[in-house]
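K.L.:
Using only what follows, build the 3D model:
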Amino acid sequence: MISCISVCSLSDLTDCEQNVELSSYCPCCGVHLSPDILYAASVENKETHNSNIFILNFCPSCNECFISKHSLDSKNGWVYSFVSASPMTHFQKFFSKSIEGLSPNFVSIYNESLRAEELGLTSICGMGYRKALEFLVKDYLIHKNPDKKEDISKKLLMPCINEYIHDERLKTLAKASAWIGNDETHYMKKHSHGTEKLKAFIHAFVTFIDSDLAYEEALEFIKL
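P.N.:
Sure, this is the predicted structure:
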């Protein structure tokens, strides 16, 4: 959200109104919010002669304060764009015991990618989510086709999806996730969707797998 706020220039201690893209989340508790602004100051960068704005924010959700940094973006209508917020608390994504048991590498890589995204490393986190997806898909397909483990392990992701996933809904989710994930590794993107859509598709895929694994467990229970 972009707001016009009062900013004090530390070079001459004068106040002026500036358009600033505020932090959309609290780094202390992870809640999405429109923060309460306690104080904002601009500091000149002596090398670029541009100013950065630093804001002291208050989060009413956890009653904590955090600092956010904003840099001038003349291409975006002379708005000070959000850069980062601190102190940063790492929020781990927890998956079911079934998913952890099926693909521990998926869980590990996904959370490493999430950490990168939290740190503002948006150029690389998408590639991490794409890698996590490949581990999840292949581990699931090996679970369903243990006699095809070597073939699945060696094949590229898309051929694996086309050959071994027969449920059209699951295949669609896997394909869409792979397409967006592959886009994150290319010089020019074919699709406009970003990491949020990629994560949404991955989570939907995880839900499908969780349901299937629960069905297998129930089937074994009935056979007893």
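K.L.:
low pLDDT regions in the protein?
P.N.:
Applying pLDDT under 70 to the chain flags residues 48-49, 76, 185-194, 224.
K.L.:
And the longest helix along the chain, what's buried?
P.N.:
As assigned by DSSP state H, the longest helix anywhere in the chain is helix 195-223. By 16 or more other C-beta atoms under 10 Å, the buried positions in helix 195-223 come out as 195, 198-199, 201-202, 204-206, 208-210, 212-213. Backbone N, C-alpha and C define where each C-beta goes, glycine included.
K.L.:
Then stretch 116-128?
P.N.:
Buried residues in stretch 116-128 (16+ other C-beta under 10 Å): Ala116, Glu117, Glu118, Cys125, Gly126, Met127, Gly128.
K.L.:
Now do the same contact list for Asn162.
P.N.:
Asn162 is in contact with Lys171, counting by C-beta atoms under 8 Å, 6 or more residues apart in numbering.
K.L.:
Go through the host helix or strand of it and flag the buried ones.
P.N.:
Counting by DSSP states H and E, the element that carries Asn162 is helix 157-164. Applying a neighbour-count criterion of 16+ other C-beta under 10 Å, one finds Leu157, Cys160, Ile161, Tyr164 buried in helix 157-164.
K.L.:
Kindly report the same for stretch 98-116.
P.N.:
98-99, 102-103, 106-107, 109-111, 113-116.
K.L.:
Go ahead and name everything in contact with it.
P.N.:
By C-beta under 8 Å, 6+ apart, the residues outside stretch 98-116 that reach it are 90-93, 95, 124-126, 128-129, 131-133, 135-136, 139-140, 143, 202, 206, 209-210, 213-214.
K.L.:
if you set the cut-off to 6 Å instead, what comes out?
P.N.:
90, 92-93, 95, 124-125, 128-129, 131-132, 135-136, 139, 143, 210, 213 (C-beta atoms under 6 Å, 6 or more residues apart in numbering).
K.L.:
In helices only, show me those.
P.N.:
Judged by DSSP H, the contacts of stretch 98-116 include Ile124, Cys125, Gly128, Tyr129, Lys131, Ala132, Phe135, Leu136, Asp139, His143, Asp210, Leu213 as members of helices.
K.L.:
in what helix or strand does the closest residue to the last one other than its chain neighbours lie?
P.N.:
Think Leu213. Nearest non-adjacent residue to Leu213, counting by C-beta to C-beta, 6 or more residues apart in numbering: Ser98, 4.4 Å away. Using DSSP H and E, Ser98 maps to helix 97-102.
K.L.:
so after that helix, what's the next helix or strand?
P.N.:
The helix or strand immediately downstream of helix 97-102 is helix 104-118, counting by DSSP H and E.
K.L.:
how big is the angle separating that next one from helix 195-223?
P.N.:
Orientation check (axes from the mean of the first three to the mean of the last three C-alpha atoms, to 10 degrees): helix 104-118 against helix 195-223 gives 150 degrees.
K.L.:
what about Ser11, is that helix, strand or coil?
P.N.:
The three-state label given to Ser11 by DSSP: H, G, I helix; E, B strand; the rest coil is coil.
K.L.:
do the same with Cys16
P.N.:
At Cys16, secondary structure determined by three-state DSSP is strand.
K.L.:
so who does the closest residue to it other than its chain neighbours touch?
P.N.:
The shortest distance from Cys16 to any non-neighbouring residue, by C-beta to C-beta, 6+ apart, is to Val7 (6.1 Å). Val7 makes contact with Gln18, Ala40, Ser42, Ile53 under the criterion C-beta under 6 Å, 6+ apart.
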